[in-house]
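Novice: structure here, sequence nowhere to be found:
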């Protein structure tokens, strides 16, 4: 069993299509599993346009740098710091594979929590990312939390 971490972040006034919301780069010699994530918003609770957004979970070979570094918090106080890097609003992820697509009603958010034993794996030089494909129409404040497990 690996070490479990939560990576909570806030994205302020996010408002453009094809914008990478978050990236995860695994630590050297480690394997990281994305066990789930939650995306919610706290700024648009009803207007003339109830937006539906398209979110993609990407796996790439490069990119995901810059942006704001987020501290992944260990769930066990005896675990070391997360060896990888989590970033909010990073650069685009390149040479990507789409692992999953999600529709998101901004009033409801999205929660992806695969069954126990499932998850998406990165190691070596691979990068995870969540991409907001559609333009939300308004500048929206998002709260994103990643559930990560690290091995090695």
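Specialist: Nice, I can see it. What you see is a predicted model; the values in this text were computed from it and never measured.
Novice: give the next helix or strand downstream of the lowest-mean-pLDDT helix or strand in the chain.
Specialist: Each helix and strand of the chain was given a mean pLDDT (mean pLDDT, DSSP states H and E); the minimum falls on strand 62-63 at a mean of 85. Once strand 62-63 ends, the next helix or strand along the chain (criterion: DSSP states H and E) is strand 68-70.
Novice: now what about that following strand, what contacts it?
Specialist: Residues from elsewhere that reach strand 68-70, judged by CB atoms under 8 Å, 6 or more residues apart in numbering: 7-9, 22, 85-89. Placement of C-beta: from N, CA and C, glycine included.
Novice: how about the contacts made by the closest residue to residue 113 other than its chain neighbours?
Specialist: Among residues not flanking residue 113 along the chain, residue 36 sits closest, at 4.0 Å (CB to CB, 6 or more residues apart in numbering). Contact partners of residue 36, counting by CB under 8 Å, 6+ apart, are 111-114, 119, 146-147.
Novice: out of these, which are buried?
Specialist: 112, 119, 146-147 (16 or more other CB atoms under 10 Å).
Novice: of those, closest to residue 43?
Specialist: The shortest approach to residue 43 among the buried ones among the contacts of residue 36 belongs to residue 146, at 20.7 Å (CB to CB).
Novice: the closest one touches residue 22, doesn't it?
Specialist: Yes: taking contacts as CB atoms under 8 Å, residue 146 lies within contact range of residue 22: 6.8 Å.
Novice: quick check, pLDDT for residue 93.
Specialist: If you check residue 93, the pLDDT there is 92.
Novice: separation between it and residue 66?
Specialist: From residue 93 across to residue 66, the span is 12 Å (CB to CB, to the nearest Å).
Novice: comparing these two, which shows the higher neighbour count?
Specialist: A count of neighbours by other CB atoms under 10 Å puts residue 93 above the other of residue 93 and residue 66, at 23 against 11.
Novice: which parts of this protein are strands?
Specialist: Counting by DSSP state E, one finds strands in the chain at the ranges 3-14, 19-25, 31-41, 52-60, 62-63, 68-70, 73-74, 85-88, 93-94, 97-105, 110-112, 120-123, 127-132, 140-151.
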